[in-house]
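A.B. asks: pasting the structure only:
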């Protein structure tokens, strides 16, 4: 699920309420029917993965120590095998373990940040603009890899972003927030095709074309991929585009 | 070469003082580091307190070292304890501030991620904040250590020992070798400690903690064994100032004459009387006209073997100044022989005991002589004459009296420059024309400045003989003129608390010697 909205709309605050980095003034948040205020903060946080834009890796430790620290604080050993498994998962070589954080590229650091969050196998992972600080190419590469991580398929992931394209690319469901209010909650297609109010329509307006290409499916693939497929004839592509524009109105 | 032979002949003392110095520094730094880091951490947890606390710690830092030692004296007495407390207070600021700054400046995103992964407050401190703030904290400890090695030299003034003993004795005797014998080891100590901490800093985090503990333990052990062996017991403890300990006419000669086996603590002149009053020491070398004899109810022991030479006070004037302004002599002769021992002690008491202003006491005294001088004398911005004095009450008073008489009886403008730290310092100042006049004592001139000994004249205890001799030699050797003596004889005297002396039935120095030697 993606929390989407302009800056200052409250999406990060909402995320931080879940692992109690911010405290609720009113209302309750429950996980699996249990109020999160019922257990100690630290215990709650240890059961939730947390990934942030600046990675927050500890610069005085090497990568291995950084990953192991998550286990250390809750007196759970993170085995050598587990670390290797995580590295394989995020696609980084083994020799990176002895390196310092500052020796890694931004993209690599972000991958390690994800690995750290996964190290204790949490059911829930909170991600606060994890890809925002990266350059375009690295970002889309990381997004693709992230989408293809089978490991994440049966986890609940809450991702905060202000980037509409990212939200539509990664989200199964999108919560569109503006001015502290939920404007719409639904699948990317629902948001695009059935905006619930003017704000939603306005917010998506500029990106509508490219989002349409991404989200519209055509013969089981996204239209975007379909158009990029060299085996498809120009004539078929033209037909698909005509159909797309008709749908778009 | 002379320096090396001095070093070699004093090697034992240098070693002892270096170790004392090291102990003072290390002990205070261990305290300051533990408490300073704790306070620093607490401040990051109670942000509201950070400004007031850092303010207070900063203010402590600005108190002049000697003043701080003075404040601690009534509560903690003299010796190692107040010295370590003072050094500890001085070491606090850099450590508290650097701990606080180091922790608050840890990258917020790192903190956020760490809290987010479920660290408790203590874990955050241990795994994140302290390791990341470590270089900054260590820089604070380094600063504090180097500062404290320097300040620890002052602790010699309150009988805490250390390399300051050589430095202060050297200054008061103008013995360059002795000053260097204290200053050089102190500098080396500072550099070595700094380098040691720097060495620890460069080691990987895992080894640092143990290395720090190890080095500290080794240093403490060295100190422990070195001092453990050297404590002798004696019946009475003496507090002498550094000049008296080292001077030929001070304790060295006195001990030869009377045989006085006592444990000696070195301390500053101005702190001595209170230390005796407080019972920190039992015997001091006071001056027979000091006002605090009356204030603290002290007893001067009679010098029954006529050991102490006469110390008649007189103005000493630079020859060039006297040639230029001969009227100075006429003016100052108005007060010659007008002060006897009792009168001088009374004036001193008015200042020390009754806390009256120096200029007012001087002014009132001159009124008795029908000299109606201005109380504001000695404050000229463009002075014709600069009047100096050593750093104790009687000299301050005499300097004020000189200034008031001169400004009243001549048209000359004067300026006071008070508080020279030792006989040789002020002597050099007048020789090089930095000051024009200062009050000096015949005995000091004879023994310290002319470096003569009691056997150089036929009648050493005769005041006139000594006066004539110094008057002649000073003109010959230094073009400095002794004017007429003021009348009183401020000689050294051993002093005890009156009730203590009475209970031991000691009235003379011979009596003290008999008591000490158990006869």
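C.D. replies: Now that the structure is in, tell me what you want to look at. Bear in mind that the values here come from a model prediction, so they are computed numbers and not experimental data. Numbering: from 1, shown residues only, chains lettered A, B, ... in the order given.
A.B. asks: by mean pLDDT, point me to the weakest helix or strand of chain B.
C.D. replies: Here the helix or strand of chain B ranked lowest by mean pLDDT, DSSP states H and E is helix B:205-228, holding a mean of 71.
A.B. asks: need phi/psi at the residue of chain A found nearest chain B.
C.D. replies: Per Cβ to the nearest Cβ, the residue of chain A with the smallest distance to chain B is residue A:56, at 2.3 Å. Backbone N, C-alpha and C define where each C-beta goes, glycine included. Backbone torsions of residue A:56, given as degrees, to the nearest 10, read phi 60, psi 20.
A.B. asks: quick one: contacts for it?
C.D. replies: By Cβ atoms under 8 Å, 6 or more residues apart in numbering or on different chains, the contact list for residue A:56 reads A:113, B:107, B:109, B:110, B:111, B:112, B:113, B:114, B:116.
A.B. asks: which one of those residues is nearest to residue B:140?
C.D. replies: Using Cβ to Cβ, residue B:107 comes nearest to residue B:140 of these, at 19.7 Å.
A.B. asks: tell me how far the closest one lies from chain A.
C.D. replies: The gap separating residue B:107 from chain A is 8 Å, by Cβ to the nearest Cβ, to the nearest Å.
A.B. asks: check contacts around that residue.
C.D. replies: By Cβ under 8 Å, 6+ apart, the contact set of residue B:107 is A:54, A:56, A:59, B:132.
A.B. asks: low pLDDT regions in the stretch 301-450 of chain B?
C.D. replies: Judged against pLDDT under 70, the stretch 301-450 of chain B has no low-scoring part.
A.B. asks: residue B:498 touches residue B:294, doesn't it?
C.D. replies: No. Counting by Cβ atoms under 8 Å, residue B:498 stays clear of residue B:294, with 10.6 Å between them.
A.B. asks: which of the contacts of residue A:56 sit farthest apart?
C.D. replies: Most distant of the contacts of residue A:56, by Cβ to Cβ, are A:113 and B:111, 14.8 Å apart.
A.B. asks: select only the buried ones of the contacts of residue B:107 in ChimeraX?
C.D. replies: Applying 16 or more other Cβ atoms under 10 Å in any protein chain shown to the contacts of residue B:107 leaves a buried subset, and the ChimeraX line that selects it is:
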select /A:54,56 /B:132
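A.B. asks: next, format the contacts of residue B:107 as CSV and append secondary structure, pLDDT and distance to residue A:154.
C.D. replies: Compiled in CSV, the contacts of residue B:107 are given as follows (DSSP: H, G, I helix; E, B strand; the rest coil; pLDDT from 0 to 100; distance: Cβ to Cβ, whole Å):
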residue, secondary structure, pLDDT, distance to residue A:154
A:54, coil, 86, 28
A:56, coil, 86, 26
A:59, coil, 88, 34
B:132, helix, 90, 36
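A.B. asks: reformat the contacts of residue B:107 as TSV; add distance to residue B:200.
C.D. replies: Below are the contacts of residue B:107 laid out as TSV (distance: Cβ to Cβ, whole Å):
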residue	distance to residue B:200
A:54	31
A:56	28
A:59	20
B:132	17
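A.B. asks: what is the nearest of the contacts of residue B:107 to residue A:203?
C.D. replies: Once Cβ to Cβ is applied, the member of the contacts of residue B:107 that ends up nearest residue A:203 is residue A:54, at 26.0 Å.
A.B. asks: now do the same contact list for the closest one.
C.D. replies: By Cβ under 8 Å, 6+ apart, the residues touching residue A:54 are A:133, B:107, B:109, B:110, B:113.
A.B. asks: how about residue B:367?
C.D. replies: Listed by Cβ under 8 Å, 6+ apart, the contact set of residue B:367 is empty.
A.B. asks: quick one: secondary structure of it?
C.D. replies: helix (DSSP: H, G, I helix; E, B strand; the rest coil).
A.B. asks: how far away is the residue of the stretch 401-519 of chain B found nearest chain A from residue B:303?
C.D. replies: At 48.5 Å from chain A, residue B:421 is the closest residue in the stretch 401-519 of chain B, using Cβ to the nearest Cβ. The spacing between residue B:421 and residue B:303, counted by Cβ to Cβ, to the nearest Å, is 27 Å.
A.B. asks: those two: who's more crowded?
C.D. replies: Set residue B:421 next to residue B:303 and count neighbours by other Cβ atoms under 10 Å in any protein chain shown: residue B:303 wins out with 20 against 13.
A.B. asks: show the backbone phi and psi for the more buried one.
C.D. replies: The phi/psi pair for residue B:303 (degrees, to the nearest 10) is phi -80, psi 80.
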